[in-house]
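>>> Mind folding the following:
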Amino acid sequence: MATGRTAYIGIGSNLGKRRYNIRRAVEGIRSLEHVADVVVSSVMESEPWGYESANKYLNVVVKAAFDTDIEPLWLLDRLQEIERGICKASHRDADGNYIDRRIDIDIIAIDNLVVDHPRLQLPHPRMFERDFVLKPLAEIAPE
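All right, here's what the predicted structure looks like:
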């Protein structure tokens with residue numbers, strides 16, 4: 001049993017081989033240093049959030065237990081490396097608007113930590129607006 005921190009991570013994909021993209025992201029998380037256990041929710045399909053597109057998303061939430069007290073920015077850096085390994089394209093257009101993407105990985109929460117950093121806010125500030133986060137999260141972490 002892990003004695004460190006537990007992170008809740010949202011993963012979504014609406015381009016390309018969506019299930020494959022998500023599997024690659026999950027495997028990337030499983031291979032991170034200090035990961036002791038990983039639980040993955042069922043896959044949920046959803047409409048794009050925050051912009052219009054005909055391409056629906058597949059989404060999961062991952063519960064990753066670490067054997068140490070990982071630092072939130074360390075985890076953010078590792079997850080962004082996983083994203084870039086799957087697709088180097090930006091998640092936003094030139095005006096800063098959301099666009100379709102092969103992979104999107106967001107930290108939803110790390111235990112009860114509150115983080116207010118220019119690169120990361122925890123818990124995720126829009127998680128309660130997104131059923132594609134809340135439903136899978138409730139499945140793997142009903143508490």
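>>> Could you use CA atoms for every contact and neighbour count after this?
Noted.
>>> Dig out what Val62 forms beta bridges with.
Val62 forms beta bridges with Ile9, Val40, as assigned by DSSP bridges.
>>> list the contacts for it?
By Cα atoms under 8 Å, 6 or more residues apart in numbering, the contact set of Val62 is 7-11, 26, 38-41, 137.
>>> Can you tell me which of the residues you listed is nearest Asn59?
The shortest approach to Asn59 among these belongs to Ile11, at 5.6 Å (Cα to Cα).
>>> my guess is the closest one is in a strand, correct?
Yes - assigned with DSSP: H, G, I helix; E, B strand; the rest coil, Ile11 falls within a strand.
>>> Provide a list of residues in contact with it.
By Cα under 8 Å, 6+ apart, the contact set of Ile11 is 22, 25, 59-62, 103-106.
>>> Tell me which entries of the residues you listed lie within helices.
Taking DSSP state H as the definition of helices, the contacts of Ile11 contribute 22, 25.
>>> Quick check: the farthest pair among the contacts of Ile11?
Spanning the widest gap among the contacts of Ile11 are Val62 and Ile103, at 14.2 Å by Cα to Cα.
>>> longest helix of this structure?
When the chain is parsed with DSSP H, its longest helix is helix 72-86.
>>> re the thing from before, could you redo the contacts of Ile11 as TSV and give each row distance to Glu71?
Formatted as TSV, the contacts of Ile11 follow (distance: Cα to Cα, whole Å):
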residue	distance to Glu71
Ile22	24
Ala25	20
Asn59	25
Val60	23
Val61	20
Val62	17
Ile103	23
Asp104	20
Ile105	17
Asp106	15
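>>> and Arg130, how many neighbours?
11 (other Cα atoms under 10 Å).
>>> Now do it, the pLDDT please.
We have a pLDDT of 88 for Arg130.
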